[in-house]
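Asks: requesting a structural model of the entry that follows:
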Amino acid sequence: MLALHGTGGTGRIMAHLSGLSRLADERDFRVAYPQAQGEPGLEDPVRGAAWNAGPGLGCPLHPGADDTAFLQAVVDRVDQHGPVDSRRIHVAGFSNGARMAHRLALSAPWVSAIAAVAGAPVWGEAPARPVPTLMFHGTGDRHIPFEGGLGALGRQVPALPAREAAARWAALMGCGPEPGTEDLNAHRLDLWSSDACQVGFWTVAGMGHAWPGGRPYAPGADLPAPDLSAAHLIWAFFEAHPLESP
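Replies: Numbers count the residues shown, from 1 in each chain. Got it, this is the predicted structure:
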């Protein structure tokens with residue numbers, strides 16, 4: 001699994017906030033925490049480290065960064081240290097890293113499935129094959145508002161309303177228009193399906209810009225929902241969606 005940090009983040013911060021390393025030890029999978037270009041540890045849209053997922057989403061100091069190629073190189077490097085199952089190369093991202101996960105789904109045929117936490121889809125042509133996707137978004141997010149538009153915090157890049165964006169992404173992946181639904185505590189899962197793909201969207205009640213079940217990404221940052229574990233739900237989703245042979 002590639003785990004992608006948000007703007008100004010680092011691999012260490014991503015490991016800390018997500019709990020994926022602890023889960024990897026329990027479930028016997030490997031996690032790589034690559035580092036985007038820009039200044040690590042600085043949550044600043046001009047200088048902070050960020051993935052170049054689309055217009056206005058990368059670090060302006062590195063406008064030509066080809067992060068799709070870089071992340072392919074990361075996978076290749078990990079494979080040199082121990083064989084990687086090419087059917088199970090998954091990507092999980094937080095915030096700007098979630099947007100990069102969507103970019104990889106559109107542009108990297110080696111991606112088996114993605115998970116996007118507190119992010120928003122980036123758009124383009126449908127990929128060569130549908131990519132199973134699991135998304136999480138807090139209703140109190142002030143960086144990428146659940147209702148869409150521009151947030152009071154974070155990058156000034158407008159987003160669609162989160163559930164509308166999920167439905168549009170599901171359509172791009174070839175899923176049917178009507179999702180099934182499931183409730184867990186105050187939270188809700190919408191799940192769009194087809195014979196080839198699933199797209200799930202968790203509405204996380206009351207949560208801000210955070211990783212459900214994890215830790216705040218910085219002192220004073222929004223608190224994660226304590227009763228929903230994104231790490232466990234993501235890994236269960238990934239286990240169920242290996243890359244199908246052509």
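
Asks: which of the three states applies to Arg103?
Replies: The assignment at Arg103 comes out as helix when based on DSSP: H, G, I helix; E, B strand; the rest coil.

Asks: mind listing the strands for the chain?
Replies: Using DSSP state E, the strands of the chain run over 2-4, 90-94, 113-117, 133-138, 180-184, 187-193, 198-204.

Asks: what's around Ala218, how many residues?
Replies: Neighbours of Ala218 under the rule other C-beta atoms under 10 Å: 15. In this view, the C-beta of every residue, glycine as well, is placed from N, C-alpha and C.

Asks: now it: how far from Gly138?
Replies: Here the criterion is C-beta to C-beta, to the nearest Å. By it, Ala218 lies 16 Å from Gly138.

Asks: likewise Gly9?
Replies: Gly9 is 18 Å from Gly138, by C-beta to C-beta.

Asks: also Ala231?
Replies: Ala231 sits 16 Å away from Gly138 when distances are taken as C-beta to C-beta.

Asks: which residue is nearest the centroid of this protein?
Replies: Ala116 (2.3 Å; C-alpha atoms, centre = their mean).

Asks: right, and that residue touches Met100 too?
Replies: No. Look at Ala116 against Met100 with C-beta atoms under 8 Å: they stay out of range, at 9.2 Å.

Asks: who touches both of those two?
Replies: Shared contacts of Ala116 and Met100 (C-beta atoms under 8 Å, 6 or more residues apart in numbering): Gly93.

Asks: that older thread, could you find the closest non-adjacent residue to the residue nearest to the centre of the chain?
Replies: Nearest non-adjacent residue to Ala116, counting by C-beta to C-beta, 6 or more residues apart in numbering: Ala98, 3.6 Å away.

Asks: what sits against Val75?
Replies: Val75 is in contact with 2, 32, 84, 89, 110, counting by C-beta under 8 Å, 6+ apart.

Asks: before we move on, what about Ala166?
Replies: Residues counted as contacts of Ala166 (C-beta under 8 Å, 6+ apart) are 121, 135, 190, 192, 199, 201.

Asks: minimum distance to Ile144: which of the strands of the chain has it?
Replies: Smallest distance to Ile144 across the strands of the chain (C-beta to C-beta): 7.5 Å, for strand 133-138.

Asks: grab the CA positions of that closest one and hand them over as CSV.
Replies: What follows is strand 133-138, C-alpha atoms only, in CSV (Å, rounded to 0.1, in the frame of the first residue of the first chain):
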residue,chain,number,x,y,z
THR,A,133,-12.7,3.3,-4.5
LEU,A,134,-13.6,4.0,-0.8
MET,A,135,-14.0,7.6,0.3
PHE,A,136,-14.5,9.3,3.7
HIS,A,137,-15.6,12.8,4.3
GLY,A,138,-16.5,14.7,7.5
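
Asks: now that strand: how far from the chain's centre is it?
Replies: Computed by C-alpha atoms, centre = their mean, to the nearest Å, the chain-centroid distance of strand 133-138 equals 8 Å.

Asks: okay, angle between that strand and strand 113-117 too, please.
Replies: Put simply, strand 133-138 runs at 0 degrees to strand 113-117, going by axes from the mean of the first three to the mean of the last three C-alpha atoms, to 10 degrees.

Asks: and strand 133-138, what does it pack against?
Replies: Under the contact definition 3 or more C-beta pairs under 8 Å, 6 or more residues apart in numbering; DSSP states H and E, strand 133-138 sits against helix 96-107, strand 113-117, helix 162-172, strand 198-204, helix 230-239.

Asks: what's that strand in contact with?
Replies: Contacts to strand 133-138, defined as C-beta under 8 Å, 6+ apart, come from residues 98, 102, 105, 113-119, 144, 146, 162, 166, 169-170, 173, 198-212, 222, 225, 228, 230, 233-234, 237.

Asks: who's in contact with Ala159?
Replies: Shown in contact with Ala159 (C-beta under 8 Å, 6+ apart): 120, 144-145, 148-149, 165.
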